[in-house]
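A.B. asks: Using only what follows, build the 3D model:
(chains A and B)
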There are 2 protein chains.
Amino acid sequence: MKNYRFLIEYDGTRYFGWQRQPNRNTIQGKLESVLAALCGKETEVIGAGRTDAGVHARGMVANARLDTGLEPEGIRDYCNRYLPDDIAVLDVKEVSPRFHARYNALGKTYRYTCYDGEVGPVFDRKYYWRLTEQPDLERMRKAAEMLKGEHDFRNFCVNPRMKKSTVRKVDRIDIVREGGYLRFFYHGTGFLQNMVRIMTGSLLEVGCGRMEPERIQEALLCGERCKAGPTAPAQGLCLMSVDYD
Amino acid sequence: MKNYRFLIEYDGTRYFGWQRQPNRNTIQGKLESVLAALCGKETEVIGAGRTDAGVHARGMVANARLDTGLEPEGIRDYCNRYLPDDIAVLDVKEVSPRFHARYNALGKTYRYTCYDGEVGPVFDRKYYWRLTEQPDLERMRKAAEMLKGEHDFRNFCVNPRMKKSTVRKVDRIDIVREGGYLRFFYHGTGFLQNMVRIMTGSLLEVGCGRMEPERIQEALLCGERCKAGPTAPAQGLCLMSVDYD
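C.D. replies: Below is the predicted model of the structure:
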């Protein structure tokens, strides 16, 4: 049994998210069945984190312990031959037996893409959120400054009664316009469920003038989910990369 | 009745091509029904040309004579509200009553996209042809030189018994590599049915060493379709732009 690290790209449109669920299409489920076929026995794939239903990834990392005579490249090619065409294994490497994709993850970069131009482009229509207003970047950047740093993000989480700590550190939020595209880049040590989408929804409320930038501060400090903005839809979100030592 | 020129983008995956056909999804059919609803009567949309089933466009041009009180922008927005999300009207302009998208077209640019890297990218998987070999660019460029110019392209046409002239002029063929992407750009005054796909298939045969570059010359001169290469699949092809005065 050797331990392998996988770099994975997927279009999440058709999937109920990363995590295996009975009778549902999930990315982890698909990978596990292909690797089970390769090894002739049940195989667990450990992801760096979970992505929600409909969320995409260009750089998900996972690890799996496999008993196979194939070289890493052969494992990659085997996976790509049997995986559906909306999931691709970009790279496979043998790693230390102790490598754990979730426990060893030091940080993650997410990108949220919106489009606010006059006509929504057709070819990447499943990978952005179509806005009907044009948000003000400077207002959003001001609000983003308040989100940066270590905070209790419980109001930026779909599950505010979480028992584990809801303290997270977000050290980078960049908001970039390219034509009609508005892209939000988030880097942090970890993110709660829906946190990136709620941060994006909140920043857009500020950008469109429905919330004051200071409201972000209140949302971080008060006890109510409703102070934060709405959850931006899954299809604009993409996990770009996961950091390790 | 005013005459309007439309600039249209579409993902051709789900369609039986541009041209209206009874009981089939086509781009022209979709546009005509939306414009018929707008004007309250049957409306003809004249395209610069036809694209085959599965072929995409980023710059199809069409014209239609419409009786509507809407401004061109309003026509555009109306179309985009009612068209499916894989067709978009990028622009509408009022033009001279004599403008005819097909008769006035002076040239067209097509792009054919292949991918020959190790792992096929997921997000644009419907817009390239996945190659299993890595073709030689220099050999293909040499062969492309023979295709350039004015020739009888009857052997590069799906319908070699065409009654109309099969002489066409191709004045530009550029073959560009970007990472694992191989892109073929074709510019000419007009193209026969499947001509771009057969030229691409032939160039790839040369690039992969199964045909000599000189075979292209023979295919242009002899009377047999079989001298040319196979037809590259539709999904890699995209109509990029149409030239007018």
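A.B. asks: Reduced to three states, what does residue A:202 come out as?
C.D. replies: helix (DSSP: H, G, I helix; E, B strand; the rest coil).
A.B. asks: for residue A:240, same thing?
C.D. replies: Strictly by three-state DSSP, residue A:240 counts as strand.
A.B. asks: Remind me which helix or strand the residue nearest to it when sequence neighbours are not counted belongs to.
C.D. replies: Leaving aside its sequence neighbours, residue A:240 sits nearest to residue A:109 (Cβ to Cβ, 6 or more residues apart in numbering or on different chains; 4.4 Å). No exception for glycine: its C-beta is placed from N, CA and C like everyone else's. Assigned by DSSP states H and E, residue A:109 belongs to strand A:107-115.
A.B. asks: quick one: that strand to chain centroid distance?
C.D. replies: The chain centroid and the centroid of strand A:107-115 are separated by 7 Å under Cα atoms, centre = their mean, to the nearest Å.
A.B. asks: ok, then the element right after it?
C.D. replies: Counting by DSSP H and E, what follows strand A:107-115 is strand A:129-130.
A.B. asks: what about the residue nearest to residue A:51 when sequence neighbours are not counted, how many neighbours?
C.D. replies: Computed as Cβ to Cβ, 6+ apart, the closest residue to residue A:51 that is not its neighbour in sequence is residue A:18, at 4.6 Å. Look at residue A:18: counted by other Cβ atoms under 10 Å in any protein chain shown, it has 27 neighbours.
A.B. asks: can you pull the buried residues of the lowest-mean-pLDDT helix or strand in chain A?
C.D. replies: Comparing helices and strands within chain A by mean pLDDT, DSSP states H and E singles out helix A:214-221 as the least confident, with a mean of 86. The neighbour-count criterion (16 or more other Cβ atoms under 10 Å in any protein chain shown) identifies A:215-217, A:219-220 as the buried residues of helix A:214-221.
A.B. asks: try stretch A:176-191
C.D. replies: For stretch A:176-191, by 16+ other Cβ under 10 Å, it's A:180, A:182-184, A:186-188, A:190-191.
A.B. asks: Repeat that for stretch A:31-48.
C.D. replies: A:31-35, A:38-39, A:43, A:45-48.
A.B. asks: Strands - which of these land there?
C.D. replies: A:46-47 (DSSP state E).
A.B. asks: when you check chain B, which of the buried residues of stretch A:31-48 turn up near it?
C.D. replies: Among the buried residues of stretch A:31-48, not one lies near chain B by Cβ under 8 Å from any Cβ of the partner chain.
A.B. asks: I'd like the buried residues of stretch A:31-48 laid out as a markdown table, including pLDDT and distance to residue B:240.
C.D. replies: Listed next are the buried residues of stretch A:31-48 as a markdown table, based on pLDDT from 0 to 100; distance: Cβ to Cβ, whole Å:
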| residue | pLDDT | distance to residue B:240 |
| --- | --- | --- |
| A:31 | 98 | 37 |
| A:32 | 97 | 42 |
| A:33 | 96 | 40 |
| A:34 | 97 | 37 |
| A:35 | 97 | 41 |
| A:38 | 95 | 42 |
| A:39 | 94 | 46 |
| A:43 | 95 | 45 |
| A:45 | 98 | 41 |
| A:46 | 98 | 44 |
| A:47 | 97 | 39 |
| A:48 | 97 | 39 |
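A.B. asks: mind checking how far residue A:26 is from residue A:237?
C.D. replies: From residue A:26 across to residue A:237, the span is 16 Å (Cβ to Cβ, to the nearest Å).
A.B. asks: So the two - more neighbours on which side?
C.D. replies: A count of neighbours by other Cβ under 10 Å puts residue A:237 above the other of residue A:26 and residue A:237, at 26 against 20.
A.B. asks: thinking again about what came up before, now render the buried residues of helix A:214-221 as TSV, adding distance to chain B.
C.D. replies: Putting these into TSV (distance: Cβ to the nearest Cβ, whole Å) gives the following:
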residue	distance to chain B
A:215	32
A:216	31
A:217	36
A:219	33
A:220	34
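A.B. asks: Can you tell me which of those residues is closest to residue A:228?
C.D. replies: residue A:219 (4.2 Å; Cβ to Cβ).
A.B. asks: and the closest one, what is it in contact with?
C.D. replies: By Cβ atoms under 8 Å, 6 or more residues apart in numbering or on different chains, the residues touching residue A:219 are A:155-156, A:202, A:227-228.
A.B. asks: May I ask which of the residues you listed has the most neighbours?
C.D. replies: residue A:156 (31 neighbours).
A.B. asks: Wait, it touches residue A:195, no?
C.D. replies: Yes: contact criterion Cβ atoms under 8 Å: residue A:156 and residue A:195 qualify, at 4.9 Å.
A.B. asks: Can you spell out the domain ranges of chain A, please?
C.D. replies: A:2-95, A:107-243 (automatic domain parsing).
A.B. asks: among those, which gets the worst mean confidence?
C.D. replies: Of all these, the minimum mean pLDDT falls on domain A:107-243 (a mean of 92).
A.B. asks: What's the end-to-end length of it?
C.D. replies: 5 Å (Cα to Cα, to the nearest Å).
A.B. asks: now stretch A:20-35, how far from the centre of its chain.
C.D. replies: With Cα atoms, centre = their mean, you get 18 Å for stretch A:20-35.
A.B. asks: residue ranges for the strands of chain A, please.
C.D. replies: A:2-10, A:46-47, A:56-66, A:87-95, A:107-115, A:129-130, A:149-152, A:167-178, A:181-188, A:237-243.
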